[in-house]
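>>> this is the structure alone, sequence omitted:
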């Protein structure tokens, strides 16, 4: 019986001024899903490694199974498939963990079933899985995990997902403080209404960030990494946020933002050279307030999910 | 005594989803300013043609004189300069009339006085003139009039103005209905507070529009020409707005928006071929509600203001 394995990268969503519309993929980190045909119809999750026993096996709750089921419903077929998931991402790390699992499952399933869909066409199935995993059908993790690079979610109705260019030297550092931040809390602090003035500031910055990506203008990217509609409310939930931002910028970073709904922070920088200094400066701040921190560094992944 | 003449093009500001941050320059239409040295120190407006006698000659109120004075204050000099202004733009037409006068005056003055400033550095002086002419120091008319093309005003503090690429075949049609719309009315209908959801929709569209300009993707430009934070409130002040939009899109236009604070509408389209049909369709709608309409058509000016 046929067996297919796929990899999907970790991602950062809510990229600062690109709140709710912009995400990017990370190099090197991600989830691996292996699918195997079997006689008996239906989906079964056989094994999950690397999750510390926290993820569900039930096919109505497991993000891989939910994503594949959405694809099968569209195709109107009911084959037998065993699912094996190997987590390469810590859960709740703000690195798009559930998105990477769903996307890897879909890329493997598409290959297993004869490639009925273009890569872009897999997105609605991944969004359906995100709805089950996160309670909201966002695309700013699944988009970049599938396609790689920076990905703009221009609209959801209908879905309009656009891959943006990535300057070669752009690097990312993730700072994951040892601090629990409930996603519901992080959502509840957002304002329903915001000043018109803030909306135009946000528009200017997101237009600047997109322009910076197209032109490889790191100074412009740096000036544009400023979110005025979500970050000010969420930053207060993350101890040391403003001190860390000051420290990493002094150490040569382009800027920083909250990855997803936090508490993980992403830092962007030009080239690898400033990375050790940036990480050291952030650690110093977190340690001064009694918090440990896990750090990851990576180039921007431009390939997206793929068959192994 | 030396004499210098400069031209500055008409512009469209508040480009749909680029409300308050994006403008572009029009080809062929604009204002011409001639400056001549004279013995007696001070600025004097000698003649204004084409304004129907409506513009002020006082040097504290005339937009050309105010702009030049701001430059002279920066240089700390007080030469004698005669100003002659030839309006090529109808006043209050939503085509950046005051901005074109100020910018032409500044480009001529800079040349006359020995080019102390780069083009970009003239912007603060033009913004000072806009403050006098319009009551608000916006840069989304003066920016594109000076630099040409599509211009992003990312920020005002400090000023961050970025020229964007323009796809070659992009054309603009202006529709100026015979209808008075007070700028103060057009401002007063805007909301101080808007839903967070609308801010993210706006961000997605402006990111899409910028991407469309870089990639020459007319379909993406078309999908992105949607302003949800200002247009819905202003459109109700412009009779026939939604009917015209439907008509010009059916006639092959990419999309439409309110130029500046209206009532002039700008329409974007690909190439010259659809222009006659678009104009005819808009006229039909306006005539059906008893409104005459002046129309202008133009490519996008990418040169900006220049010495003649």
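Perfect, thanks for sending it. None of the values given here were measured: they were computed from a predicted structure.

>>> now do the helices in the stretch 201-308 of chain A.
For the stretch 201-308 of chain A, the helices defined by DSSP state H, counting those that start in this stretch cover A:218-224, A:231-235, A:241-250, A:275-288.

>>> just to check, residue A:178 is in contact with residue A:295?
No - the criterion here is Cβ atoms under 8 Å, and residue A:178 misses it with residue A:295 at 11.7 Å. In this view, the C-beta of every residue, glycine as well, is placed from N, C-alpha and C.

>>> that older thread, to chain B, which of the helices of the stretch 201-308 of chain A lies closest?
helix A:218-224 (6.3 Å; Cβ to the nearest Cβ).

>>> need the residues of the stretch 1-150 of chain A near chain B, please.
A:17, A:18, A:19, A:20, A:21, A:22 (Cβ under 8 Å from any Cβ of the partner chain).

>>> ok, which stretches of the stretch 51-200 of chain A are helices?
Using DSSP H, counting those that start in this stretch, the helices of the stretch 51-200 of chain A run over A:63-75, A:97-112, A:123-134, A:142-147, A:183-188, A:196-215.

>>> now do the third one: everything it contacts.
Contact partners of helix A:123-134, identified using Cβ atoms under 8 Å, 6 or more residues apart in numbering or on different chains, comprise A:60-61, A:63-64, A:66-68, A:70-71, A:74, A:98-99, A:102-103, A:105-106, A:136-139, A:141-143, A:145-146, A:159, A:161, A:183.

>>> for burial, what's the neighbour tally of the closest residue to residue A:214 other than its chain neighbours?
Ranked by Cβ to Cβ, 6 or more residues apart in numbering or on different chains and with sequence neighbours excluded, the top spatial neighbour of residue A:214 is residue B:214, at 4.6 Å. Neighbour count of residue B:214, defined by other Cβ atoms under 10 Å in any protein chain shown: 19.

>>> quick revisit: need the helices of the stretch 201-308 of chain A in CSV (columns: mean neighbour count and mean pLDDT).
Formatted as CSV, the helices of the stretch 201-308 of chain A follow (neighbours: other Cβ atoms under 10 Å in any protein chain shown; pLDDT from 0 to 100):
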stretch, mean neighbour count, mean pLDDT
helix A:218-224, 20, 98
helix A:231-235, 18, 93
helix A:241-250, 18, 97
helix A:275-288, 18, 97
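
>>> by contact count, what packs against the top strand by length along chain A?
Identified as the longest strand of chain A according to DSSP state E is strand A:22-38. In this structure, strand A:22-38 packs against strand A:3-12, strand A:80-86, helix A:97-112, helix A:142-147, strand A:150-156, strand A:170-177, strand A:293-299, with contacts taken as 3 or more Cβ pairs under 8 Å, 6 or more residues apart in numbering or on different chains; DSSP states H and E.

>>> pull up the pairing partners for the fifth one, direction included.
Sheet pairing of strand A:150-156 (DSSP bridges) gives strand A:22-38 (antiparallel), strand A:159-164 (antiparallel).

>>> quick one: contacts of it?
Against strand A:150-156 from outside (Cβ under 8 Å, 6+ apart): A:15, A:18, A:20-25, A:137, A:139-140, A:143-144, A:159-166, A:210, A:213, A:300, B:201, B:204-205, B:207-208, B:211, B:220, B:223-224.

>>> again, 6 Å this time
A:21-24, A:139-140, A:143-144, A:160-164, A:166, A:213, B:204, B:207-208 (Cβ atoms under 6 Å, 6 or more residues apart in numbering or on different chains).

>>> in the stretch 1-150 of chain A, which ranges drop under the pLDDT threshold?
By pLDDT under 70, the low-scoring segments of the stretch 1-150 of chain A are A:92.

>>> between residue A:178 and residue A:295, tell me which one has more neighbours.
Using other Cβ under 10 Å as the criterion, residue A:178 and residue A:295 rank with residue A:295 on top: 17 against 11.

>>> residue contacts, that one?
With Cβ under 6 Å, 6+ apart, residue A:295 has these contacts: A:175, A:279.

>>> re the thing from before, hmm, which two among the residues of the stretch 1-150 of chain A next to chain B are most spread apart?
Using Cβ to Cβ, the residues of the stretch 1-150 of chain A next to chain B span at most 10.6 Å, a distance reached by A:17 and A:20.

>>> between those two, point out the one with more neighbours.
Set side by side, residue A:17 and residue A:20 show more neighbours around residue A:17, with 29 against 22, by other Cβ under 10 Å.

>>> wait, that one sits on residue A:207?
No - in this structure, residue A:17 is not within contact of residue A:207 by Cβ atoms under 6 Å, at 8.9 Å.

>>> still on that earlier bit, deepest of the helices and strands packed on strand A:22-38, which one?
helix A:142-147 (a mean of 32; mean count of other Cβ atoms under 10 Å in any protein chain shown).

>>> hmm, who's touching that one?
A:8-9, A:11, A:23-25, A:96, A:99-100, A:103, A:126, A:130, A:151, A:153, A:161, A:163, A:304-305.

>>> 8 Å - rerun?
Here helix A:142-147 has contacts from A:8-13, A:23-25, A:30, A:96, A:99-100, A:102-103, A:106-107, A:119-120, A:122-123, A:126-127, A:129-130, A:150-151, A:153, A:161, A:163, A:304-305, using Cβ under 8 Å, 6+ apart.

>>> pretty sure residue A:48 is touching residue A:85, no?
Yes - Residue A:48 is within contact range of residue A:85, at 4.8 Å (criterion: Cβ under 8 Å).

>>> common neighbours of those two, please.
Common neighbours of residue A:48 and residue A:85 (Cβ under 8 Å, 6+ apart) are A:55, A:62.

>>> tell me the domain ranges of chain A?
A:3-165+A:303-307, A:170-299 (automatic domain parsing).

>>> would you turn these into a markdown table with distance to residue B:268?
Below are the domains of chain A laid out as a markdown table (distance: least, Cβ to Cβ, whole Å):
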| stretch | distance to residue B:268 |
| --- | --- |
| domain A:3-165+A:303-307 | 17 |
| domain A:170-299 | 17 |
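
>>> quick one: closest of those domains to residue B:78.
Each of the domains of chain A was scored for nearness to residue B:78 using Cβ to Cβ, and the closest is domain A:170-299 (36.2 Å).

>>> between the two ends of the closest one, how far is it?
7 Å (Cα to Cα, to the nearest Å).

>>> please state the offset of that domain from the chain centre?
The chain centroid and the centroid of domain A:170-299 are separated by 14 Å, computed with Cα atoms, centre = their mean, to the nearest Å.

>>> likewise stretch A:73-84?
In terms of Cα atoms, centre = their mean, the centre of stretch A:73-84 is set 26 Å apart from its chain centre.

>>> with stretch A:299-306 instead?
With Cα atoms, centre = their mean, you get 12 Å for stretch A:299-306.

>>> again with stretch A:166-186
Stretch A:166-186 has its C-alpha centroid displaced from the chain centroid by 9 Å (Cα atoms, centre = their mean).

>>> and the gap between residue A:14 and chain B?
Plainly put, residue A:14 is 10 Å away from chain B if you go by Cβ to the nearest Cβ, to the nearest Å.

>>> and that residue, how many neighbours?
With other Cβ under 10 Å as criterion, residue A:14 counts 26.

>>> now do the longest strand of chain A against helix B:196-215, angle only.
90 degrees (axes from the mean of the first three to the mean of the last three Cα atoms, to 10 degrees).

>>> the helix or strand just after strand A:22-38 packs against which elements?
Next in sequence after strand A:22-38, counting helices and strands by DSSP states H and E, comes strand A:42-49. In this structure, strand A:42-49 packs against helix A:63-75, strand A:80-86, with contacts taken as 3+ Cβ pairs under 8 Å, 6+ apart.
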